[in-house]
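Asks: next input, structure requested:
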Amino acid sequence: MAKAFKTLDDIGDVAGRRVLVREDLNVPMADGEVTDDTRLRATIPTVTELADKGAIVLVLAHFGRPKGERRPDMSLAMVTKPYSQVLGRPVRFIDWDGAEEAVATLRNGDIAVIENTRFFAGEEKNDPEMVTRLAALGDLYVNDAFSAAHRAHASTEGIAHALPAFAGRAMEAELDALEKALGTPRHPVAAVVGGAKVSTKLDVLKHLVGKVDHLIIGGGMANTFLAARGVNVGKSLCEHDLAGTAEAILDAADAAGCTVHLPYDVVVAKEFKANPETRTVNVHEVAADEMILDIGPAATEALADVLKTCKTLVWNGPLGAFETPPFDAATVSLARTAAALTKEGSLISVAGGGDTVAALNQAGVADDFTFVSTAGGAFLEWMEGKELPGVAALTR
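Replies: So this is what the prediction gives:
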């Protein structure tokens, strides 16, 4: 079956052709060292495949938020050496001054990183002049940066209309996984949505109730729903002003035949710190001076039973305050259940977002999920059902 977008399988002979590859090299750094090279490693399949086929690979990326200014502390020159180490082959750095001349000296199979696209205001404005400038450097365009696909920038959207455009291997894997998770998923489908505030995930929740069979709400968000249902949540993080919105989401779920799962036992403490004195109580027994910081073991076990009946799982956000022990227990436990079901072949599991990835790594199961997206904003907008400009520009 032909995909909705062109991939490297459709690109033809690339020997001697200049291929502009949009990647996400926006990695965390400290003292000149890359502290997490996940994003660099994600680029390996696309960049090496093109180089091995004789293409001149020109990597486009942003770094930080320079807001159209040239800032040495946000130069991709800093990333070039660590990137070369990850790829296991030489990588040249090309500044914007004299870029066309520098590109002309490259040979088949060479890889170069071009300076931060956000050094120009025209990048984020998707300015036609910036698009023309980028397109002049290459013959073909490959977008391999799903994490930047929710932005209509010159290097993610504009250029896809100026040159023949294709999805890279990481982008292809991401889009395939997302299609399996919410596009045409196998039912029953469960979604875990956690995080501190309902306000940041309103559009996600509204979209999901019409798409999934089970909506599992955790994190501080669950407190807002519990409060809307008349539960006294004590000192817990809670957006009381959103009670009406929470009610509307619950009503919409009822109408759509989606079961919403809220915790019925919870772990509470009087202060939010590592390893304080805790109690596990029914949600109706939270004292006025206590805060809910995790889902309790009985509710967690019930959620595990729900996952055992499902074929597909989408996960975004932790169930409790997972960075602070012991409030990672529910997240770790449910993640391990999901991983075990995935390994035995009964569940397709797709997770995404920074906190989620950190939580799955903490549970030691990130590699056991079907797919883990490193994208934050793009993953969230996809869960909201929004069209992503960088993806839309690649469709046939």
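Asks: so T245 sits in a helix?
Replies: Yes - the assignment for T245 is a helix, going by DSSP: H, G, I helix; E, B strand; the rest coil.
Asks: can you give me the neighbour number for it?
Replies: 18 (other C-beta atoms under 10 Å). (C-beta placed from N, C-alpha, C; glycine too.)
Asks: ok, it - contacts?
Replies: Residues near T245 by C-beta atoms under 8 Å, 6 or more residues apart in numbering: 198, 202.
Asks: now with 10 Å, please.
Replies: Shown in contact with T245 (C-beta atoms under 10 Å, 6 or more residues apart in numbering): 198-199, 202, 205-206, 224-225, 228, 239.
Asks: how close does V314 get to M383?
Replies: The gap separating V314 from M383 is 7 Å, by C-beta to C-beta, to the nearest Å.
Asks: any residues in contact with both of these two?
Replies: By C-beta under 10 Å, 6+ apart, the residues touching both V314 and M383 are 178, 181-182, 191, 193, 204, 208, 211, 352.
Asks: nearest to A287, of those?
Replies: Closest approach to A287 among the shared contacts of V314 and M383 (C-beta to C-beta): V193, at 27.1 Å.
Asks: okay but the closest one is in contact with K211, surely?
Replies: No - the criterion here is C-beta atoms under 10 Å, and V193 misses it with K211 at 11.9 Å.
Asks: now do the strands in the stretch 201-350 of the chain.
Replies: 214-217, 259-261, 265-269, 278-282, 291-295, 312-316, 348-352 (DSSP state E, counting those that start in this stretch).
Asks: quick one: residues contacting the nearest residue in space to K273 that is not next to it in sequence.
Replies: Closest residue in space to K273, ignoring its immediate chain neighbours: T324 at 7.1 Å, by C-beta to C-beta, 6 or more residues apart in numbering. Going by C-beta under 10 Å, 6+ apart, T324 touches 269, 272-276, 293-294.
Asks: could you rerun that using 8 Å?
Replies: By C-beta under 8 Å, 6+ apart, the contact list for T324 reads 272-274, 293.
Asks: circling back: buried ones among the contacts of T245?
Replies: Burial by neighbour count, 16 or more other C-beta atoms under 10 Å: within those this picks out 198, 202, 205-206, 224-225, 228, 239.
Asks: out of V314 and M383, which sits in the busier spot?
Replies: Shown here are V314 and M383; by other C-beta under 10 Å, V314 has more neighbours (27 against 24).
Asks: show me which positions of stretch 21-30 end up buried.
Replies: Result for stretch 21-30 [16+ other C-beta under 10 Å]: buried residues 21-27, 29.
Asks: what is the nearest of these to G234?
Replies: Set against G234, the nearest of the buried residues of stretch 21-30 by C-beta to C-beta is N26 (39.6 Å).
Asks: quick check: that closest one vs L40, distance?
Replies: Applying C-beta to C-beta, the value for N26 to L40 is 10 Å.
Asks: next: A61.
Replies: 10 Å.
Asks: hey, what's in contact with both of the two?
Replies: Common neighbours of A61 and L40, counting by C-beta under 8 Å, 6+ apart, are L25.
Asks: ok, the two, which is more surrounded?
Replies: A61 (25 against 21).
Asks: still on that earlier bit, so for V193 and K211, which sits in the more crowded spot?
Replies: Taking neighbours as other C-beta under 10 Å, V193 and K211 compare with V193 leading, 23 against 19.
Asks: do I have it right that the more buried one meets K201?
Replies: Yes - assessed by C-beta atoms under 8 Å, V193 is found in contact with K201 at 5.8 Å.
Asks: list residues touching both of these two?
Replies: Jointly contacting V193 and K201 under the rule C-beta under 8 Å, 6+ apart are 221, 316-317.
Asks: of those, closest to I44?
Replies: Nearest to I44 among those, with distances taken as C-beta to C-beta, is N316, at 25.7 Å.
Asks: hmm, L140 is touching G168, no?
Replies: No - using C-beta under 8 Å, L140 makes no contact with G168, being 11.4 Å away.
Asks: of these two, who's got more company?
Replies: Using other C-beta under 10 Å as the criterion, L140 and G168 rank with G168 on top: 27 against 18.
Asks: grab the nearest non-local neighbour of the more buried one.
Replies: In space, G168 is closest to D144, 2.7 Å off (C-beta to C-beta, 6+ apart).
Asks: distance of the one you found from L20?
Replies: Relative to L20, and taking C-beta to C-beta, D144 is found at 11 Å.
Asks: where does this protein have low pLDDT?
Replies: Along the chain, the parts satisfying pLDDT under 70 run over 1-2, 396.
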